Structures are given as C-alpha cells and as structure tokens.
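> take this sequence and fold it.
(2 chains)
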Number of protein chains: 2
Amino acid sequence: MSPIRIGIIGLSPGAWAANAHLPYLQSSGSKFKIVAVCNSSVESAAKSAKDLGLAEGVRTYGNVQDIADDKDVDLVVCTTRVDRHYTSILPSLKTGKDVFVEWPLGRNLEEAKELLNVAKQNNVKLTAVGLQGRFEATVETLKSVLSEGRIGKVLSTTITSQGVIGGPTESETQTYLTDRTHGASVLTIPTLHLLDTVLEVLGEFSSVQSLLSNQRPVVKIVQADGSVVKDNVEKTSPDHVMIQGTLKSGAVLSATVRGGAPFKGTPGLEWRIYGEKGEIRITGAHACIEIVGTTSFELHSFDTDEVENIELEKGTFAEMAPITRNVARIYEAIAAGDKSVLCDFKDAVERHEFIENVYDQNPSF
Amino acid sequence: MSPIRIGIIGLSPGAWAANAHLPYLQSSGSKFKIVAVCNSSVESAAKSAKDLGLAEGVRTYGNVQDIADDKDVDLVVCTTRVDRHYTSILPSLKTGKDVFVEWPLGRNLEEAKELLNVAKQNNVKLTAVGLQGRFEATVETLKSVLSEGRIGKVLSTTITSQGVIGGPTESETQTYLTDRTHGASVLTIPTLHLLDTVLEVLGEFSSVQSLLSNQRPVVKIVQADGSVVKDNVEKTSPDHVMIQGTLKSGAVLSATVRGGAPFKGTPGLEWRIYGEKGEIRITGAHACIEIVGTTSFELHSFDTDEVENIELEKGTFAEMAPITRNVARIYEAIAAGDKSVLCDFKDAVERHEFIENVYDQNPSF
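You can find the predicted model right below:
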C-alpha cells in the first residue's frame, strides 16, 4: 500500500509537532509520507523542512489555501496553537480533504460545530482530533484489569491533578493561554484531555457539576530560563477546575485540576478507581498523561488485602515514549480506518459541548 | 474553684466516652467531677461506674429524667449514639441544665433546631457540641502558618479522604449507621467533622455543590473479628460525599470522602492548601482527624522550591493522644466559658443546615 501523503500545518524544530508527530512519521514503519509543510511563511516552512530533515522536494507553503489546493496531499495535519485551528483547516475541509487536527478542535463550541458542518457538507471522509490519551497504555491496561473483574463493579473514581500550565507564570511562547477566548486553558487542555481519557475507560457522564475559578487573575510571563519578560499580565482563563458527577454506569466521579506545578516530591496526578472488590491507584507526573503517561499502577484487593503492582500493557510502539506513542497510534488508526477509539469531529463537538456546559454553569467566565 | 459537677449519659467500658472523655475527666488536672451516670438501666450505670473506677457514691440512673432532676448536676454530658441525643438531653434542657453533647446534635435539622429552641426557652447558659476537630493541634498549627503569610493568600484547598465507616461492612455495634434517618453516616460524621475542621481554618462557604451517593446499598454486618453476623442488610445512608464550593475568602474547595478503608499503604487523608506563594500538604490515617490527628504536615515554598516539615504546635494536653486531647480542650473551654472556638447549639444548627442543604441538592436521599 502506498503511503498516505501528508501536508502539515505548523511545523518547527523544538515545537509540539516535531516532538510528538515526527518520531512516528519519520520512522521506517510509518504509513505516511510528508509531502508538504505550511507555516506562516514559505521561508519558515522551508527552514523547518530542512532543519527537521524532511525529504528533498517537500512542498513549502506560507498560506493554508495552498495546502488545501495541493492535489498530492491526502491528509492535512494541523498542529498550530488552538486559536488558529479554525482558519488553518477550513480551506482544506472545503476542498474535501481528510484532516487530523490537535485537540481542542476550535476555540469554542461554535467553531467546532462549524468545522464539523463544513466537513459534512464537503463529504470529508475522515476527520480526526488529537485526543490521544484514550490510546494511552494506561487505558489499555485499565480496560483489561476492569474487564477481568479484578475490582468488581466500579463504584467511584477520584482524581487530583496539576495541569502544569495555569500557575504563577506562563511561558512567553504560550502567552495566548492567559486569554480565555483563545480556547486554551487548564479547562480545555489538561482537564479535557484527562477527562476524555478517564471517560474512555469508565464511560460517559450522566450528570455534571462544575466549579471554575481564576485564582491568579494576574500572572508573570517568563522565558525558558525563568526570567520575567513581563509582569502583571491580566489572565482571564480558569486556573482551577473542579468537577463532580455521575457516570452512566452509576459510578460517581470527583476530579480536581489546578494550574501550576505539583507539590514537590509528590505525584502531580493521582487517579483512584474504587470498586466493590478492590481499588486501583494510578499516579503520574501531572495531569497530561497523554504526553507523559503514568508512573505507577497498583491494585489493592479487598479479599487478600494485598497491593499488587500492575505492569502496563504497552502494546504497539512500546519502544516509544508516551508523547510519541499515543500520537503514533492515532496515525495507525487513521491509516487502518479504525474508528473504534479515534476521536472524530463529531466526538470532539461533544467534548466542546461539555466545556460549553461547564462555562454555562460558571457564568463569571 | 470547685469542680463542675457532671452527669454523663451513655458511659460504658470500651465505648466512646470511656476512651475519649474519661482520660481528661479522671486526670488530676480535670476541672470537672463526675457525680452521676445514666445508662439504659440503673444496673448498667452502676456496672460502668464500678468497672471504670468512678468515685464511690456516684449516682446511677436508668432514666434521663432523673439526671435532669438531679440538683447536684451542673453539666449534662451526652455521649450516646446520635439517634438518642434528642430524647437524652431534652429533659435536662427543660430543667435549664448546661449540656455538652457529641456531634451530631440531632438526627436531623428539625431535632437540632428544637433542641436549640428548648435551650433558649429555658435560659440554658451553656450548650456545647462535640465538634472537637476545630481544637486539633493541626488547626492551631495551620492558623499560625497561615497568619505568618508562609504561603501567601490561600487560593484553594483539596481534600481526599476515607471515612472508615460506610465500607463493604459495618460493625454490629453500629448497625444504626446503615439507616439514613438515624442521622449517622459518612456525610454527617466523618465529612461534617472534617469540613468543620477545615472551615475553622479557612472560613465558611459562600456557595456549595454536593453529590451524595450510596454505592453499596447492601452491606454485611460483622463482628469485631470480621466474621459475618448478617448478610444482605439494606443500607440507605450515603457512602460517597463529594463537595465543591467557594469560600467567603474567595478560595475554592474540593473535598471527597468515601466510606471504607484507605488504599493500603497510602494516607487515608490528604489535605492540600494551595496559596500564592506555597502549598501545604497534610496527611492523616483517615478523615476523622478529630480522633486520630494528622501524621505529616509539609510546606512547599515556591520561592525556594524547598519542602519543609512543620512540627505540630501541640499546645495544651500535648501528652495526650488526639482522641483525648481534643475532647479535653472542649472541657477546658467549657470550664473557662471560652466560646471563641467552642461549638454551641446555634453553630451546630448551622452545620445541620449545611447537611440539610446537601440532602436538598440530592433528592434521592
């Protein structure tokens, strides 16, 4: 089978796509071939292509219409920051191209719905959204352990976590996170990725209560070395997200995600699943397990009163780090046309509806 | 000063009052003297008085009216199970006696309000309720650390805990816990004690969202050795309590308390207080810190990125275990007429109003 030809929008050394997408795309097993790169300018695209060692002859664009018009591109991959997703992929959807875009799909529900509609109107065959946490090895392992009845019926789940972004400072490369209207915040990124992963294992909500808070309405913008670039920058994004609700299974859920770093020396993520016959405790570095995976997976059996360490079933791409492996699995699902786990635009709109519902419950945002 | 003369309702070896109240009352420093004991029968009262080494001549009653009528009793202490508080103390309030009763004050808001009214109508000078967690050394230490500005302004607090009761089994001595109408459950006991302690440090709620769930509607009743006395006993009490809300200070709170034992090898209580400049992490054996205290108190300073272990300021009765020390402090507050921390019937009615509000938010209970 000939490789699927990709055009990537938003590719530069050191940034997300280079770290998360390229290791798979440039591997010998890749079912894809990068044929075009589109950045803010042709020069920038050409520099990225060269610096990242893409094949000679890769096309370089500075305008998203050009990638949409390129007949040799089968799949457009959009890895720009979220507030540019809409304008970046709209032309490609209008020409009927398959699109794979990072989560969140749009800045808000309205953009997400419109993108879904445009895709439908133009008979786009495949839409994919980067909610890759649902492909994480932790999820696969959990599904096995639960289906084996190891903890019996699930009664509740409790999650406490830190979202890395949304602390006392934001990086100067991510100042757009401070403005809630850009659609990138502790709510839409760490919380939503994490909840999507949890719900993939435990099923969807039947009812939700939420509490959003912006406890640090003024933050510092810092460089990579920590030095302050700008002080007293207004922030309108939430930095605390508290969610509790009932799942369709009848189990109850409590999740809290706050911005900033974990309490030093403790896991930045603790995810408990409490069952009739046992409890699972999963820890990780922080809320974004789609990027960093998890660090421990234990099962406390009430029958034996013993705690067992569970080995993760790493499955495909076991040799890769979670940041790469989970994106690789999205690419493989796209190549195989396997929509069983893959998030499409319709699923993504449902996740945006969840976010909209949370905002509706918190009218000060 | 001559000692305050106490009549205790509900005293037997091995039970709560003997463990939590007697060590102070029988200590050389006690400002109280037990002059009467009232149990379900005179014989039972007499046996307890003897077995527990009370002074010769202590009066023994089998009827709560008798203790109410005893002119030599200055203060009636009620340590029965909650569903018997109302009938136990009503006669004493009607005769204008001071009363100290364990929390919860009544089975429900209605009983609590009526007891408050009867106390008012009969000019009862002192009413006290056993919310002793607010006297805990952890609270005293927290108040110091916060007032010194060690973590700056408090932004949020997150609590995950296990409530011991409300698990797969209940003890045969506590089968009344299974019936919500008795007023003793994971909500009214571990959760309310814990929240009362938290609010003593961080101030009251301005708004609350709650989720109650009874995930184990059928439980086993067991003996102390774990052997099953009765299977398939219906339970109507909640075994999961999830609370999130905003405090008057503007900080946000998330608390989850589930029934049953902790995940083996992990703290059954983790209480974080996240501030502008640092975070506090307190751990304990389980939710009931009024009984067991806490086991670690750490402070992560964001300025230095160091974690410091904070020594508890044990204050008065430092030599006693938390279960005894915190009750001793209630007695001392009663003796001194110091109402600054002491919970009176009016405060207790406010706590019952909180519980009633939670039930109102959860109409299936």
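> residue contacts, residue A:45?
Each residue near residue A:45 by CB atoms under 8 Å, 6 or more residues apart in numbering or on different chains is listed here: A:11, A:37-39, A:60-62. All C-beta spots, glycine's among them, are computed from the backbone N, C-alpha and C.
> most centrally placed residue in chain A?
Nearest to the mean C-alpha position of chain A, by CA atoms, centre = their mean, lies residue A:131 at 4.2 Å.
> need the nearest residue in space to that residue, chain neighbours excluded.
Spatially, and ignoring its direct neighbours in sequence, residue A:131 is nearest to residue A:343 (4.2 Å; CB to CB, 6 or more residues apart in numbering or on different chains).
> would you agree residue A:212 falls within a helix?
No: secondary structure of residue A:212 (DSSP: H, G, I helix; E, B strand; the rest coil): strand, not part of a helix.
> contacting residues around it?
Residue A:212 touches A:187, A:238, A:240-242, A:358-359, A:361-362, A:364-365, counting by CB under 8 Å, 6+ apart.
> go on, residue A:87?
Contacts of residue A:87 by CB under 8 Å, 6+ apart are residue A:64.
> and it, backbone torsions?
As for residue A:87, its main-chain torsions (degrees, to the nearest 10) stand at phi -70, psi -30.
> and the pLDDT at it?
Per-residue confidence at residue A:87 stands at 98 (pLDDT).
> over to residue A:315?
With respect to pLDDT, residue A:315 has a value of 89.
> do residue A:226 as well
pLDDT recorded at residue A:226 is 88.
> wasn't it part of a helix?
No: counting by three-state DSSP, residue A:226 is located in no helix; its state is coil.
> name the nearest residue to it, sequence neighbours excluded.
Using CB to CB, 6+ apart, the nearest residue to residue A:226 is residue A:169, at 7.9 Å.
> go on, residue A:231?
Leaving out its chain neighbours, the residue that sits closest to residue A:231 by CB to CB, 6+ apart is residue A:220, at 5.5 Å.
> what does residue A:262 give?
That would be residue A:268: by CB to CB, 6+ apart, it lies 3.4 Å from residue A:262.
> what parts of the stretch 251-365 of chain A come near chain B?
Contact residues, the stretch 251-365 of chain A versus chain B (CB under 8 Å from any CB of the partner chain): A:251-252, A:254, A:256, A:258, A:260, A:263-266, A:270, A:272, A:274, A:276, A:279, A:281, A:298, A:300, A:302, A:305-307.
> are any of these buried, and which?
A:251-252, A:254, A:256, A:258, A:260, A:263, A:266, A:270, A:272, A:274, A:279, A:281, A:298, A:300, A:302, A:307 (16 or more other CB atoms under 10 Å in any protein chain shown).
> centre of the chain to the helix or strand hosting residue A:358, how far?
Element membership for residue A:358, per DSSP states H and E: helix A:345-361. From the chain centre to the centre of helix A:345-361 is a distance of 15 Å (CA atoms, centre = their mean, to the nearest Å).
> just stretch A:118-128 next, same as before
On the basis of CA atoms, centre = their mean, stretch A:118-128 sits 21 Å off its chain's mean C-alpha point.
> buried ones in that stretch?
A:118-119, A:124, A:126-128.
> nearest to chain B, of the residues you listed?
Nearest to chain B among the buried residues of stretch A:118-128, counting by CB to the nearest CB, is residue A:128 at 33.3 Å.
> show me what contacts that closest one?
Going by CB under 8 Å, 6+ apart, residue A:128 touches A:98-101, A:330, A:333-334, A:342-344.
> just to revisit the earlier point, would you mind confirming that the residue nearest to the centre of chain A is in contact with residue A:344?
No: using CB atoms under 8 Å, residue A:131 makes no contact with residue A:344, being 10.1 Å away.
> residue A:280 reaches residue A:272, doesn't it?
Yes: if you go by CB under 8 Å, residue A:280 and residue A:272 touch, sitting 6.9 Å apart.
> and the contacts of the least confident helix or strand in chain A by mean pLDDT?
In chain A, no helix or strand scores lower on mean pLDDT, DSSP states H and E than strand A:169-171, which sits at a mean of 93. Strand A:169-171 has contacts (CB under 8 Å, 6+ apart) with A:177-178, A:219-224, A:226, A:228, A:233, A:235.
> that one: how far from the chain's middle?
20 Å.
> distance of residue A:217 from residue B:147?
To residue B:147, residue A:217 is 24 Å away according to CB to CB, to the nearest Å.
> now the strands for the stretch 151-300 of chain A?
Under the criterion DSSP state E, counting those that start in this stretch, the stretch 151-300 of chain A contains strands at A:154-162, A:169-171, A:205-213, A:218-222, A:228-234, A:240-247, A:252-258, A:269-275, A:278-284, A:296-301.
> of all those strands, which lies closest to residue A:182?
strand A:169-171 (11.9 Å; CB to CB).
> tell me the buried residues in the closest one?
Neighbour-count burial for strand A:169-171, counted by 16+ other CB under 10 Å, picks out A:169-170.
> list the pairing partners of it within its sheet, with orientation.
Strand pairing for strand A:169-171, determined by DSSP bridges: strand A:218-222 (parallel).
> what comes up buried for the strand it pairs with?
In strand A:218-222, counting by 16+ other CB under 10 Å, buried: A:219-222.
> same question for stretch A:68-83.
Buried, per 16+ other CB under 10 Å, within stretch A:68-83: A:68, A:70, A:73-83.
> how long is that stretch from one end to the other?
From the first residue to the last, stretch A:68-83 extends over 19 Å; the measure is CA to CA, to the nearest Å.
> near chain B at all, stretch A:193-202?
No: under the criterion of CB under 8 Å from any CB, chain B is not reached by stretch A:193-202; the shortest gap measures 13.5 Å.
> so what touches that stretch?
Residues outside stretch A:193-202 that contact it (CB under 8 Å, 6+ apart): A:103, A:131, A:133-134, A:136, A:138-139, A:142-143, A:146, A:154, A:157, A:159, A:161, A:205, A:243, A:247, A:249, A:251, A:253, A:255, A:257, A:269, A:271, A:273, A:287-290, A:341, A:343, A:351, A:354.
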